[in-house]
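Asker: Provide a 3D model corresponding to the input given below.
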Amino acid sequence: MTKWNLIKFDISYNIARKPVILVYLFIFPFLLFAVLGYLANTSFSGGMSSFDYYGLTIIIYFQLTMGTMISNMIMEENVKLPNMRIAYSLEDENYIYISKIVALTLVNAISIGVYMFLLKGIYHVNFGSNPLIVYITYMILGFFSTCLGTVLCIALKDESAANNILGIVQLIFCIFGGIFFPITYLGKIGLLLSNFSIVKWVNYGIGAYVYEQSMTGLLAIWVLSIFLTILFLISARKMFRIQLFIH
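Answerer: Residues are numbered from 1 along each chain as shown. All right, here's what the predicted structure looks like:
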């Protein structure tokens with residue numbers, strides 16, 4: 001099986017045939033944005049609407065959850081038999097998880113594009129003078145989370161453990177990062193703790209670009225995320241053993 005055929009197989013078998021994943025990628029972000037945007041419609045002023053705020057932040061949350069999605073694609077029980085069949089047709093067993101990373105990243109790229117297009121067209125959400133910059137930021141964040149989920153799944157050799165750790169950490173970071181509500185609502189202690197949330201700085205970086213045309217924060221986020229992603233991929237390659245994922 002060629003590398004491209006393996007990627008197409010992962011898209012069709014592990015993503016397209018699973019309605020839950022498709023709903024999560026293409027429908028749920030828009031619904032959550034709409035609900036929070038309408039509920040908080042009277043809570044924002046000063047040139048930023050609730051739809052502008054949640055339009056930028058909600059997709060950050062969904063990009064962080066890519067890590068749990070990839071761990072399901074790698075170690076879920078119903079993928080072990082296909083993994084076993086594919087393993088014997090590959091020159092490099094690492095393509096088992098690499099193809100899943102590529103497949104999820106490609107579908108996620110479409111998902112982000114659809115999300116931004118709908119929000120820009122229907123709710124006139126402000127994505128800055130060049131929405132491509134915000135799009136790239138979301139893509140880098142999603143790829144970072146996907147590779148983090150991959151290496152954690154491989155290291156722990158347990159899908160449930162990896163998902164539990166990722167889920168808890170992501171939720172805490174998002175709460176203290178201002179994803180679901182502005183961090184000013186957290187009080188003094190909450191504001192102090194928010195400084196330790198990487199999500200806060202991602203949120204600030206995107207906001208600074210959109211409203212102040214400053215790329216400084218985003219460039220720092222890009223460089224750090226790409227550097228850590230490379231480390232995750234190197235670690236995954238060193239730790240991966242196909243026997244653990246086909247039995």
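
Asker: what stretches of this protein score poorly on pLDDT?
Answerer: 1-2, 46, 77-91, 243-247 (pLDDT under 70).

Asker: in it, what residue spans correspond to helices?
Answerer: Counting by DSSP state H, the chain has helices at residues 3-10, 19-26, 28-39, 50-64, 66-75, 77-87, 95-122, 131-156, 159-175, 187-194, 198-212, 216-239.

Asker: want to throw those into a markdown table with distance to residue 181 and mean neighbour count?
Answerer: C-beta: built from backbone N, CA, C; applies to glycine. Shown next, in a markdown table, are the helices of the chain (distance: least, CB to CB, whole Å; neighbours: other CB atoms under 10 Å):
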| stretch | distance to residue 181 | mean neighbour count |
| --- | --- | --- |
| helix 3-10 | 36 | 17 |
| helix 19-26 | 22 | 14 |
| helix 28-39 | 9 | 17 |
| helix 50-64 | 9 | 24 |
| helix 66-75 | 23 | 25 |
| helix 77-87 | 37 | 14 |
| helix 95-122 | 19 | 19 |
| helix 131-156 | 20 | 22 |
| helix 159-175 | 9 | 17 |
| helix 187-194 | 10 | 12 |
| helix 198-212 | 12 | 19 |
| helix 216-239 | 21 | 15 |
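
Asker: middle-most residue in this structure, spatially?
Answerer: In the chain, the C-alpha nearest the mean C-alpha coordinate belongs to residue 63, at 1.9 Å (CA atoms, centre = their mean).

Asker: look up how far residue 146 lies from that residue.
Answerer: According to CB to CB, to the nearest Å, residue 63 stands 9 Å off from residue 146.
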